[in-house]
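Chemist: Let me see the structure of the following:
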Amino acid sequence: MMNRRRSDIDNRGHLLTEKRNPNSHGLDGLSITQAFDLMSGEDMTVPRAVAKAKPAIVKTIRAVSSAWKKGGRLIYVGAGTSGRLGVLDAAECPPTFRSDPKMVQGIIAGDRKALWRSVEGAEDESDAARAAISARSVHRRDVVMGIATGGTTPYVHAALDEARRRRATTVFLACVPKSQVKATCDIDIRVLTGPEILSGSTRLKAGTATKLVLNMITTLSMVQIGKAYGNLMIDLNSYACRKLVDRATRVVEATTGLPREGAAALLHAARGRAKTAIVMHRLGISRMEAERRLAKHLGHVRDAVKQSRR
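Modeler: Coordinates of the predicted model:
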């Protein structure tokens, strides 16, 4: 890229994420209070933009939960902020849902060093993207989701091309309309957040939208495979730290009606697994029997309890 003449460099000024926001032309002349109000007002538009992308997001959740049930993975691919948000979401799943770290993975252009410091130019390395997909032995049971808020990142498109060649389900997330940037993929998510208050800084509204979408995809997909009971996290690692011991104990309290001491004792008998403790109490059965019932119903507490009462 550095060797190209200025006249040869692609003009991206027409992209929605690159346009100047008419509401913030005088940003540098505003008081801090005025700038806060402006930025807050722009941020409030993000959830509405995400809601408009509901059909594609719901389709993605179905694809991801189905992939997990078949032993597949969700693999995020992105550069810069988009890549970091994918890696962040992947890293947060195991402590939240006690999921296998392989289930959700993040690939960022420039590899690990790009997590701490920007690696300019890495987003243009198409061969590196294909190699990263190959290194993870992506296959037809996987879902590969490319994140490129501006839509044009070569690294992301190359990764999706390689994933598609390997027959994986491919998802594309961008904050520009399809008329501006096309993508070849199975599911195309477009969250149109509009121009940023600081022109082209997609770590702002576009980044916020990305975080919301990724939160929704992994959280609701985890719910689909039995990682929640009601609105409670029930498949957490209660031996990881004191905070999670407390959280697991409160989950057992809330679902069984036991006092804290009784809930703690039941959790201990269940070897720290809240979902096992719930089934043990509800059905008056041993830990081993509770675990067998959960396995029979693919980890869904509600089904394990309901089916056994018929």
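Chemist: show me what contacts the residue lying closest to residue 85 once chain neighbours are set aside?
Modeler: Closest residue in space to residue 85, ignoring its immediate chain neighbours: residue 210 at 5.1 Å, by Cβ to Cβ, 6 or more residues apart in numbering. The C-beta positions use only the backbone N, C-alpha and C, and glycine is treated the same way. Taking Cβ atoms under 8 Å, 6 or more residues apart in numbering, we find residue 210 in contact with 81, 82, 85, 147, 149, 173, 175, 191.
Chemist: quick one: what helix or strand has the residue nearest the centre of the chain in it?
Modeler: In the chain, the centroid-proximal residue (Cα atoms, centre = their mean) is residue 214; its distance is 2.9 Å. Element membership for residue 214, per DSSP states H and E: helix 205-224.
Chemist: so how far is that helix off the chain centroid?
Modeler: From the chain centre to the centre of helix 205-224 is a distance of 5 Å (Cα atoms, centre = their mean, to the nearest Å).
Chemist: which residues touch the following helix or strand past that helix?
Modeler: Counting by DSSP H and E, the next helix or strand C-terminal to helix 205-224 is strand 228-229. When contacts are defined by Cβ under 8 Å, 6+ apart, strand 228-229 is touched by residues 222, 234, 235, 251, 255, 275, 278, 301, 302.
Chemist: right, and the pair among the residues you listed with maximum separation?
Modeler: The most widely separated members of the contacts of strand 228-229, counting by Cβ to Cβ, are 222 and 255 (17.9 Å).
Chemist: who has more neighbours, those two?
Modeler: Each of residue 222 and residue 255 has its neighbours counted (other Cβ atoms under 10 Å); residue 222 has more, 24 against 21.
Chemist: distance of the closest residue to that one other than its chain neighbours from residue 68?
Modeler: Leaving aside its chain neighbours, residue 222 sits nearest to residue 97 (4.8 Å; criterion: Cβ to Cβ, 6+ apart). Between residue 97 and residue 68 the computed distance is 11 Å (Cβ to Cβ, to the nearest Å).
Chemist: who's in contact with residue 187?
Modeler: With contact taken as Cβ under 8 Å, 6+ apart, residue 187 is in contact with 56, 59, 60, 63, 169, 170, 171, 172.
Chemist: Neighbour-wise, which one of the residues you listed leads?
Modeler: Highest neighbour count within these: residue 171, with 28 neighbours (other Cβ under 10 Å).
Chemist: so that residue is in which element?
Modeler: Per DSSP H and E: residue 171 is located in strand 169-174.
Chemist: Which residues does that strand contact?
Modeler: Contact with strand 169-174 is made by 60, 63, 67, 142-151, 156, 160, 163-164, 181, 183-191, 210, 213, as judged by Cβ under 8 Å, 6+ apart.
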